[in-house]
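Peer 1: Turn this into a structure:
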Amino acid sequence: MDCQRGLAIIVGMNTLSLAQTAPSTPPTASRTVGDLLREWRQRRRMSQLLLAAEADISTRHLSFVESGRAVPSREMVMHLAERLDVPLRARNALLIAAGYAPLFRERPLTDPQLAAAREAVELVLKGHEPYPALAIDRHWTILAANSALAPLVAGASAELLKPPVNALRLSLHPEGIAASIVNWHAWLEHVLARLQRQIDVSGDDTLSALRDELAGYPAPPGAQAIDPDPAINQIAVPLRLRTPLGLLSFFSTTTVFGTPVDVTLSELAIEAFFPADQQTAAALREFAESQRAQAAP
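Peer 2: Here you go, the predicted structure:
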């Protein structure tokens, strides 16, 4: 698939159009709040003594809450969730399990109340051009992307580019752009480590399944275990791609909303790719200029 075809597909992603789905239904309380709190405490590798000290409550009271001998108030559930840094979606689950209504709304990105946030995402994506950037949800589904992403996905099959598009699956699947990644082994290791950190923080089963799926992908033919040009590895793990524009090298940054109280916003992130060398920067600027020239009347 050439850049023009890739661009035609990416254009359909650049207005958060893939995010126009209804918010998920809150889970039913199939487990007790004590069980869930204990699980989060263990996930954070905290003892009852440490969490009780952090929350300024007695160890005895915390033990009673976890065992079900004491029913925590709504305020206590939120207090413990704050100390355990529980994600907003999981805080709602804790409240439901304790018999309370969920506190945090989950609006679709098309909701008028999220218009300012939606505009901010689109401004960041557009403003990052001529370099690639994409907005993703908690499961790495691409919600929006700018036009500079097109050269990066030029080798992917049309099937993998049908929405919903998972960014990590697209990068590592044999029918995605895996064969174009020069440092596939290093990139896979980086992706799996990052996914594991997300799983540790969120406890998300879907991310666990995605990690296992990605770990099972075969290495593309000719993939080199060691990057032949390791200079950039001294500062970051790069993404090095063979593309119609030549060999491109990137490092990435992640941007999230600072103080969200909406579940959707708390789980939205922008992945922005920056050129790791002058060759990449020049190639992307030239590509952007050619696209502007073609679009001019």
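Peer 1: nearest spatial neighbour of Phe257, skipping sequence neighbours?
Peer 2: Spatially, and ignoring its direct neighbours in sequence, Phe257 is nearest to Leu265 (4.9 Å; Cβ to Cβ, 6 or more residues apart in numbering). The way it works is simple: take the backbone N, C-alpha and C, and place the C-beta from them, glycine included.
Peer 1: Downstream of the host helix or strand of that neighbour, the next helix or strand is which one?
Peer 2: For Leu265, the element it lies in under DSSP states H and E is helix 263-266. Counting by DSSP H and E, the element after helix 263-266 in chain order, helix or strand, is strand 269-275.
Peer 1: Quickly note the distance from the residue positioned nearest the centre of the chain to Ile177.
Peer 2: With distances taken as Cα atoms, centre = their mean, Trp140 lies nearest the centre of the chain, 4.2 Å away. Between Trp140 and Ile177 the distance, using Cβ to Cβ, to the nearest Å, works out to 15 Å.
Peer 1: just Gly34 next, same as before
Peer 2: Counting by Cβ to Cβ - Gly34 and Ile177 are separated by 46 Å.
Peer 1: can you tell me which residues contact Leu62?
Peer 2: For Leu62, the contact set (Cβ atoms under 8 Å, 6 or more residues apart in numbering) comprises Gln48, Leu51, Ala52, Ala55, Leu80.
Peer 1: Then Leu188?
Peer 2: Leu188 neighbours (Cβ under 8 Å, 6+ apart): Leu172, Leu214, Ala215, Tyr217.
Peer 1: do that again at 7 Å, thanks
Peer 2: Counting by Cβ atoms under 7 Å, 6 or more residues apart in numbering, Leu188 touches Leu172.
Peer 1: And the lowest mean pLDDT element among the helices and strands of the protein?
Peer 2: When the helices and strands of the chain are compared on mean pLDDT, DSSP states H and E, helix 3-11 comes out lowest with a mean of 48.
Peer 1: tell me which residues of the very next helix or strand once past it are tucked away?
Peer 2: For helix 3-11, the succeeding helix or strand toward the C-terminus, using DSSP H and E, is helix 33-43. For helix 33-43, a neighbour-count test (16 or more other Cβ atoms under 10 Å) marks Val33, Gly34, Leu36, Leu37, Arg38, Trp40, Arg41, Arg43 as buried.
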